[in-house]
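Novice: next input, structure requested:
(one chain, ligands or ions: 1)
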Amino acid sequence: MTNQQNVMVLDVKSRGVRNVLPPSSLPVAKPFLPQDLKMLLVKRFETEKGGAKINVWVDSMRASSPTRVKSTGSLPETDEKSAWIVHHPSALSMFEQIVAVSKGKQIVMFLDYDGTLSPIVEDPDQAFMPTEMRAAVRDVARYFPTAIVTGRCRDKVYSFVKLADLYYAGSHGMDIKGPSKRCKNKKGVLFQPASEFLPMIDEVYKALGEKTKSIPGAKVENNKFCVSVHFRCVDENSWAALAEQVRSVLNEYPKLKLTQGRKVLEIRPTIKWDKGRALEFLLEALGYANSNDVLPVYIGDDRTDEDAFKVLRDRGQGFGILVSKVPKETNASYSLQEPSEVKEFLRRLVDWKKKTNKNGICFMMQPRVDAVTCIWPGQLELLDKI
Ligand SMILES: O=P(O)(O)OC[C@H]1O[C@H](O[C@H]2O[C@H](CO)[C@@H](O)[C@H](O)[C@H]2O)[C@H](O)[C@@H](O)[C@@H]1O
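Specialist: Model prediction:
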């Protein structure tokens with residue numbers, strides 16, 4: 001079984017993004033991952049069709065929950081974090097540079113849900129979106145085409161976000177729906193590249209529920225085109241038993257594959273479709289397939305978001321922002337520590353947009369002179385100092 005997503009995360013080089021200077025203008029980062037752990041992770045799900053050892057699964061579950069890079073031991077942890085931040089600076093501290101790059105371009109926002117718009121909680125059914133975050137997302141969507149891209153079932157994420165006029169890409173992008181008004185054909189979007197797998201996924205959901213019901217804390221979630229098996233609340237001593245049950249079901253379905261998220265095993269169709277492909281699909285639907293006039297911004301916290309970060313790097317267009325408090329191997333260019341910082345970033349984007357017309361000219365009320373003053377964005381800081 002190939003598992004592009006799992007391997008890809010480890011292959012990250014600190015490459016530049018055409019539009020955004022800070023990360024690429026710095027020296028290439030020393031990899032944080034020790035070679036042996038790297039090999040272990042690369043190999044982790046490769047052989048399960050032939051019967052991989054369950055302890056390889058369990059090692060992987062441990063090593064990537066959450067997906068953080070273990071210390072090399074050569075640097076104290078605080079130095080490691082500082083080194084990482086140099087290569088993935090805070091999107092808040094780099095805000096002025098980020099919006100400067102968007103001059104003359106249409107920003108399109110892509111937002112992951114869990115861990116990005118809502119804090120990680122033990123019960124997936126309780127991962128509600130805070131009211132203030134909803135307001136921030138609603139405001140962003142007023143100014144920029146905005147998509148929620150999630151591993152969850154689309155209906156479920158909509159029940160949390162509750163905002164119309166957004167695009168929703170559920171089941172890791174395998175279920176895309178959007179409003180018609182922003183689409184180039186004005187017909188709206190509905191795209192489900194894995195629809196033939198629906199009966200199979202349903203079957204697997206039921207089988208996994210049955211097989212894991214005796215493991216305390218295990219939770220199986222039906223995400224329509226994929227299934228999540230949560231182990232956040234499972235005692236570590238039972239992880240091997242859980243992995244064994246998942247493997248026994250998966251062995252019966254060669255057209256399905258296993259990937260991993262934050263304390264969750266995910267079973268999905270083997271089709272070549274992921275959050276990165278969903279991002280490309282949505283850009284195309286919006287009429288920006290081959291355009292230089294677009295700046296896609298993708299914010300996410302999970303390994304599955306790396307597919308989208310990588311697409312942006314490969315396109316040399318826009319940038320990814322990783323939500324993480326700890327250093328991780330990533331294709332994102334910037335970082336934010338937690339959902340509250342995501343909210344702050346979205347708010348600043350809206351404030352900036354309100355003050356700026358599409359030519360990058362900023363109209364501001366200047367209370368001191370009691371007039372509308374027209375200035376360029378770069379002059380804002382200068383005015384503040386004056
Ligand atoms: O793509 P995402 O929006 O990040 O969705 C990925 C998975 O998120 C959910 O699980 C995660 O969040 C839960 C709630 O905070 C947490 O309990 C769990 O441990 C995390 O893995 C969701 O339940 C999954 O179905 C998604 O695939």
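Novice: so what does S93 look like in phi/psi?
Specialist: Torsion angles at S93 (phi, psi; degrees, to the nearest 10) stand at phi -70, psi -20.
Novice: max-length helix in the protein?
Specialist: Using DSSP state H to define each element, the chain has its longest helix at helix 339-355.
Novice: send the alpha carbons of it over as CSV?
Specialist: The C-alpha coordinates for helix 339-355 follow below in CSV (Å, rounded to 0.1, in the frame of the first residue of the first chain):
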residue,chain,number,x,y,z
PRO,A,339,-7.0,28.5,17.3
SER,A,340,-7.1,31.8,19.2
GLU,A,341,-4.2,33.0,17.0
VAL,A,342,-6.0,31.9,13.9
LYS,A,343,-8.9,34.0,15.0
GLU,A,344,-6.6,37.0,15.5
PHE,A,345,-5.0,36.5,12.1
LEU,A,346,-8.5,36.3,10.4
ARG,A,347,-9.6,39.5,12.2
ARG,A,348,-6.5,41.4,11.1
LEU,A,349,-7.0,40.3,7.6
VAL,A,350,-10.6,41.6,7.6
ASP,A,351,-9.5,44.9,9.3
TRP,A,352,-6.7,45.3,6.7
LYS,A,353,-9.1,44.5,3.8
LYS,A,354,-11.7,47.0,5.1
LYS,A,355,-9.1,49.7,4.9
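Novice: please enumerate the helices of this structure.
Specialist: Using DSSP H, helices in the chain cover 4-8, 21-24, 35-43, 54-63, 77-87, 95-101, 131-143, 154-161, 198-212, 239-250, 275-285, 306-315, 339-355, 379-385.
Novice: with mean pLDDT added, can I get the ones you listed in TSV?
Specialist: Listed next are the helices of the chain as TSV, based on pLDDT from 0 to 100:
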stretch	mean pLDDT
helix 4-8	28
helix 21-24	36
helix 35-43	40
helix 54-63	85
helix 77-87	85
helix 95-101	95
helix 131-143	97
helix 154-161	97
helix 198-212	98
helix 239-250	96
helix 275-285	96
helix 306-315	97
helix 339-355	97
helix 379-385	28
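Novice: how about the ones you listed in a markdown table, adding mean neighbour count?
Specialist: Every residue, glycine included, has its C-beta placed from N, CA and C. Listed next are the helices of the chain as a markdown table, based on neighbours: other Cβ atoms under 10 Å:
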| stretch | mean neighbour count |
| --- | --- |
| helix 4-8 | 19 |
| helix 21-24 | 18 |
| helix 35-43 | 14 |
| helix 54-63 | 17 |
| helix 77-87 | 14 |
| helix 95-101 | 17 |
| helix 131-143 | 17 |
| helix 154-161 | 18 |
| helix 198-212 | 17 |
| helix 239-250 | 20 |
| helix 275-285 | 23 |
| helix 306-315 | 23 |
| helix 339-355 | 18 |
| helix 379-385 | 11 |
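Novice: let me have those in CSV, extended by distance to the ligand.
Specialist: As requested, the helices of the chain are arranged in CSV below (distance: least, Cβ to the nearest ligand atom, whole Å):
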stretch, distance to the ligand
helix 4-8, 12
helix 21-24, 23
helix 35-43, 18
helix 54-63, 12
helix 77-87, 21
helix 95-101, 23
helix 131-143, 13
helix 154-161, 7
helix 198-212, 12
helix 239-250, 13
helix 275-285, 7
helix 306-315, 10
helix 339-355, 10
helix 379-385, 34
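Novice: now do the longest helix of the chain: which elements does it pack against?
Specialist: helix 95-101, strand 106-111, helix 131-143, strand 319-323, strand 362-366 (3 or more Cβ pairs under 8 Å, 6 or more residues apart in numbering; DSSP states H and E).
Novice: compare those and give me the one nearest K263.
Specialist: strand 319-323 (15.9 Å; Cβ to Cβ).
Novice: what is the closest one packed up against?
Specialist: strand 294-300, helix 306-315, strand 334-336, helix 339-355.
Novice: rerun that using 6 Å as the cut-off
Specialist: Using 3 or more Cβ pairs under 6 Å, 6 or more residues apart in numbering; DSSP states H and E, the elements in contact with strand 319-323 are helix 306-315, strand 334-336.
Novice: now the last one: mean pLDDT?
Specialist: Averaged over strand 334-336, pLDDT sits at 97.
Novice: so which residues make contact with the longest helix of the chain?
Specialist: 91-92, 95, 99, 116, 119, 133, 136, 139-140, 143, 299, 336, 362, 364 (Cβ atoms under 6 Å, 6 or more residues apart in numbering).
Novice: tell me the contacts of the nearest residue to Y298 once chain neighbours are set aside?
Specialist: Leaving aside its sequence neighbours, Y298 sits nearest to F110 (Cβ to Cβ, 6 or more residues apart in numbering; 4.1 Å). F110 makes contact with 147, 149, 279, 298 under the criterion Cβ under 6 Å, 6+ apart.
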